[in-house]
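Asks: Output the structure for:
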Amino acid sequence: MSLEKLEIPLKQQLESIDAKGVSKRHEKIITGIMEAEDGFGPRVTLRGNGDKPFLQMNSNSYLGLSTDKDVIEAEEEASQLFGTGPGAVRFISGTFAPHVILEKKLATFCGREAAMIFSAAYSAVMGVLPQLITEETVVISDELNHNCIINAIRLAHPTEKTVYRHLDMEDLEGAIKRYLGKYRRMIVVTDGIFSMRGDHAPLNEIVAICKRYEEKFEEGIITVVDDSHGVGAFGKTGRGTEEVTGIKVDIHIATLGKALGVNGGYVVSSETVIDYLRETAPFYIFSNSITPSESAAAIKSLDILDSTHGLKLLEKLRRLTRHLKEGLKDLGYETIPGEHPIIPLMIRDTEKTSRLVKHLFKHGILATGLNFPVVPKGDEEIRFQVSANHTEKDIEYLLGVLKRF
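Replies: Model (predicted):
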């Protein structure tokens, strides 16, 4: 068999992607991490750029725990004890003591009865939502929800779904009312923190609206949140959007791979829901879990987050976030209000966004430019992400480079 015929349309699609300027395959390869010095935070080196240091302003490691010595030591010790991989899926022979300990710790941290871990948060969303969506379920989703939520809904093939305007509670309530008496079950799903903008869902308002109408559905209205960017980076103790809004949803999904600095995803809910998902979620049943050593590292990260040191890291993160937002405002740049360390610099022009990303790179700063069609025309931006690994001098350096653009 030959791939020659298939490669013709594939090359055409690649050319179209390149022409639009939205290619993701030309990745920058990190070759090393340089330790903090002279009041600046850590830097990275990139293949093809020699020893030139780069400031990462596009990392999800909000607390810097991916390079924390205690987290690394915990992972190394577990590797020596349990090996480098689980060797099988969980129900065969792939469940290790660190997996069970981590799940108990996640349930406690999130104030739930039970938890289960997945290989990634994307897998968690894809594994959870379709198992809850039946032929008699209608799904309501925020228009800016992450790709994993969109694809999970597609995979489930709900009889009906509605997308409400971003953060528009009146539109959400109107969508719920349209389905009263028509379905047994409704699922309302949202991101906690929206990754392109750094704003957050008003979970307290969403839950209040759902409670208003849940008796109209025989199996209720189930609220689901993916708070992958929230946990560990948002709220006084890092418990994310639920902590900030003062409410718990029915099913909470998040990641171990951002603020917690490791790998994997998880879901927390009631014991019955988690038991059901363990029996039915294919992304859990038929896929290896994260390694025992990654679980041990995540346990250590949770211990750090839930400590005095963790509170200090969170306060530093908030302080640096305010510093950058205030500095951008002083320079005349537009951002979106919010306290999360995702800070979108609204450029609203594709060509200017691309030029500014190149300007930042030239001066040793890595930042992500988001252009059409990744975002709508007029919403072009550069997404900065603050980390507790950053310093005041890092923020001042970034602002100085932006001032010279």
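Asks: Can you show me the strands along the stretch 51-200 of the chain?
Replies: Counting by DSSP state E, counting those that start in this stretch, the segments of the stretch 51-200 of the chain that form strands are 55-56, 114-118, 137-142, 160-164, 185-191.
Asks: burial of L311, as a residue count?
Replies: Under the neighbour criterion other CB atoms under 10 Å, L311 is assigned a count of 14. (Glycine included, C-beta is placed from N, CA and C.)
Asks: what's the closest non-adjacent residue to it?
Replies: Using CB to CB, 6 or more residues apart in numbering and skipping the chain neighbours, the partner closest in space to L311 is T237 (6.9 Å).
Asks: what residues are up against that neighbour?
Replies: Shown in contact with T237 (CB atoms under 8 Å, 6 or more residues apart in numbering): 243, 305-306, 310-311, 314.
Asks: Okay, T159 and K182: tell me how far apart.
Replies: 9 Å (CB to CB, to the nearest Å).
Asks: any residues in contact with both of those two?
Replies: V138.
Asks: Give me the pLDDT for the closest residue to T84 other than its chain neighbours.
Replies: Distances taken as CB to CB, 6+ apart place T291 nearest to T84, at 6.4 Å, with adjacent residues excluded. Looking at T291, its pLDDT is 97.
Asks: Was I right to think T291 contacts G87?
Replies: No. In this structure, T291 is not within contact of G87 by CB atoms under 8 Å, at 9.7 Å.
Asks: So which of those two has more stuff around it?
Replies: T291 (26 against 14).
Asks: need the contact list for that one.
Replies: 79, 82, 84-86 are the contacts of T291 under CB under 8 Å, 6+ apart.
Asks: From these, keep the buried residues only.
Replies: Neighbour-count burial (16 or more other CB atoms under 10 Å) is assigned, among these, to 79, 82, 86.
Asks: So which of those residues are in helices?
Replies: 79, 82 (DSSP state H).
Asks: Adding pLDDT and distance to H200, write the buried ones among the contacts of T291 out as CSV.
Replies: Shown next, in CSV, are these (pLDDT from 0 to 100; distance: CB to CB, whole Å):
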residue, pLDDT, distance to H200
S79, 97, 36
F82, 96, 37
P86, 94, 34
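Asks: Would you format the buried ones among the contacts of T291 as a markdown table with distance to P337 included?
Replies: Putting the buried ones among the contacts of T291 into a markdown table (distance: CB to CB, whole Å) gives the following:
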| residue | distance to P337 |
| --- | --- |
| S79 | 43 |
| F82 | 45 |
| P86 | 43 |
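Asks: shaky segments in the protein?
Replies: 1 (pLDDT under 70).
Asks: Show me the helices in it, by range?
Replies: Using DSSP H, helices in the chain cover 4-20, 69-82, 97-110, 121-132, 147-156, 169-178, 203-213, 241-245, 271-280, 282-285, 292-305, 308-330, 350-362, 392-403.
Asks: CSV for those, including distance to L370?
Replies: As requested, those are exported to CSV (distance: least, CB to CB, whole Å):
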stretch, distance to L370
helix 4-20, 13
helix 69-82, 30
helix 97-110, 30
helix 121-132, 19
helix 147-156, 13
helix 169-178, 24
helix 203-213, 25
helix 241-245, 22
helix 271-280, 33
helix 282-285, 28
helix 292-305, 28
helix 308-330, 16
helix 350-362, 7
helix 392-403, 17
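Asks: Which one of those helices lies nearest to L46?
Replies: L46 lies closest, by CB to CB, to one member of those: helix 350-362, at 9.5 Å.
Asks: Pull the residues that contact the closest one.
Replies: 21, 54, 57, 347, 366-372, 377, 380-382, 401-402, 405.
Asks: in it, what's buried?
Replies: So helix 350-362, judged by 16+ other CB under 10 Å, has buried residues 350, 353-354, 356-357, 360.
Asks: Now do that helix and helix 392-403, the angle between them.
Replies: For helix 350-362 against helix 392-403, the angle by axes from the mean of the first three to the mean of the last three CA atoms, to 10 degrees is 140 degrees.
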